[in-house]
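J.: just a sequence and a predicted model for now, questions to come.
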Amino acid sequence: MDTTSLRTDDVREEIVRRYSDLVYRLACAQVRSRADAEDIYQEVFLRLFDRERTFASEEHRKAWLIRVTVNCARKFWASAWVRHTVPLKEDLAFSVPEDQMLWEQLQKLPGAYRAVLHLFYYEDLSVAEIARLLDRKPATVRTQLTRARRALKKLLKEEAT
């Protein structure tokens, strides 16, 4: 067996191990379905490994993965298949009931709001980084974060009453 291919496989496995949670969580936050998120997850890594890509740094690779995940989610929502199907109700298992309630309320928000909330709070990205990755102005991202927080707060208050 060729030792070069072994090293390449090891590198690929390490990349998947390092970024799998980020890609899957972001995809899940965008499409609201585990099965569809898994499809996007696979698509993202297939695109990464389809041909040799060079990245200036790990941050560049991470940014590329986030951008491709968001683009795949957009492509998913634009497909005719999604427009003509009825989604199944998925019950995700959460250890804390409050997490389940938060997840359900987050799913009621528009995709743009879910994306910025996820990247800001779960991936710890700055507004400038999110703007660059989503190809938006920083002011737009700040506005979306503010509106998303306000909408989520309203939904959580309604749920509590």
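T.: Received the coordinates, thanks. Numbering: from 1, shown residues only.

J.: quick check, central residue of the chain?
T.: Leu26 (1.5 Å; CA atoms, centre = their mean).

J.: contacting residues for it?
T.: 66, 69-70, 73, 115, 118-119, 123 (CB atoms under 8 Å, 6 or more residues apart in numbering). For the C-beta atoms, the positions are set from N, CA and C on the backbone; glycine is no exception.

J.: mind pulling up the pLDDT for Leu145?
T.: Leu145 is assigned a predicted lDDT (pLDDT) of 93.

J.: buried residues in the helix or strand containing the residue nearest to the centre of the chain?
T.: Counting by DSSP states H and E, the element that carries Leu26 is helix 3-31. Neighbour counts using 16 or more other CB atoms under 10 Å place 15, 19, 22-31 of helix 3-31 among the buried residues.

J.: list just the nearest of those residues to Ile130.
T.: Leu26 (11.5 Å; CB to CB).

J.: need the next SSE after the least confident helix or strand in the chain by mean pLDDT, C-terminal direction.
T.: Sorting the helices and strands of the chain by mean pLDDT, DSSP states H and E puts helix 80-83 at the bottom, at a mean of 59. Later in the chain than helix 80-83, the nearest helix or strand by DSSP H and E is helix 97-106.

J.: alright, calling it a day.
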